[in-house]
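Visitor: no sequence on this one, just coordinates:
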Ligand SMILES: CC(C)(COP(=O)(O)OP(=O)(O)OC[C@H]1O[C@@H](n2cnc3c(N)ncnc32)[C@H](O)[C@@H]1OP(=O)(O)O)[C@@H](O)C(=O)NCCC(=O)NCCSC(=O)c1cc(O)c2ccccc2c1O
């Protein structure tokens, strides 16, 4: 069975809009911080230094979300993270966000492994084996 990483968070007052429900953009932050929490839980970081000037980073190239039910300030959300695709240079995460038994949103985000050098644009690079090996248990079955 593939592993699923689970984390919880509250809907903040600043996440909500004039309708009193969480703004659609808040879900993108929920996804991002859940991904970071997964990486930390695996002993990884969002920013891996390679040398004095060189680093690995994971800019996003695609983010998408379907919204199923509104959530409100102080609602406690469960965020379940799995990996839909672990490619050579990219990871596509899936996020199932719920409030209790009520599904609230399902999102996807693709992050690309890049080499970063000061003053240069990021260059996509294969995900190092030591990172891919830690992510692989979370790859969902086809
Ligand atoms: C990121 C790029 C440099 C990639 O360049 P390019 O697309 O030319 O690379 P490749 O063609 O080699 O493809 C690499 C890899 O990506 C997959 N891919 C590319 N586009 C898509 C897409 N639209 N959807 C899905 N997948 C895509 C492709 O299939 C390859 O994967 P394989 O697995 O098959 O090998 C370049 O695209 C670029 O610079 N884009 C702009 C990025 C950007 O500015 N994003 C917004 C800001 S990033 C950000 O907000 C951010 C948030 C965080 O939380 C971070 C956390 C940790 C680190 C960094 C963070 C961060 O930057």
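Guide: Yes, it's here. If you're wondering where the values come from, they're calculated on a predicted model, not measured in any experiment.

Visitor: roughly how far out does the lengthiest helix in the chain sit from the chain middle?
Guide: Across the chain, the longest stretch assigned as helix under DSSP state H is helix 24-41. Mean-position distance between helix 24-41 and its chain equals 5 Å (Cα atoms, centre = their mean, to the nearest Å).

Visitor: Go ahead and name everything in contact with whatever helix or strand comes next after it.
Guide: Note on helix 24-41: by DSSP states H and E, the next helix or strand toward the C-terminus is strand 48-49. For strand 48-49, the external contacting residues (Cβ atoms under 8 Å, 6 or more residues apart in numbering) are 55-57, 131. Just so you know, the C-beta spots here come from the backbone N, C-alpha and C atoms, and that holds for glycine as well.

Visitor: what's the residue lying closest to residue 26 once chain neighbours are set aside in contact with, if anything?
Guide: The shortest distance from residue 26 to any non-neighbouring residue, by Cβ to Cβ, 6 or more residues apart in numbering, is to residue 15 (3.8 Å). Residue 15 makes contacts with 22-23, 26, 29, 73, as judged by Cβ under 8 Å, 6+ apart.

Visitor: try 7 Å
Guide: 22-23, 26 (Cβ atoms under 7 Å, 6 or more residues apart in numbering).

Visitor: Residue ranges in this structure under the pLDDT threshold?
Guide: 142 (pLDDT under 70).

Visitor: how far away is the residue nearest to residue 26 from the ligand?
Guide: Counting by Cβ to the nearest ligand atom, to the nearest Å, the gap from residue 15 to the ligand is 17 Å.

Visitor: quick one, phi psi at that residue?
Guide: Per-residue torsions, residue 15: phi -80, psi -10 (degrees, to the nearest 10).

Visitor: can you map out the strands along the protein?
Guide: Secondary structure of the chain by DSSP state E: the strands cover 5-10, 48-49, 55-57, 60-67, 76-86, 90-99, 102-112, 114-116, 123-124.
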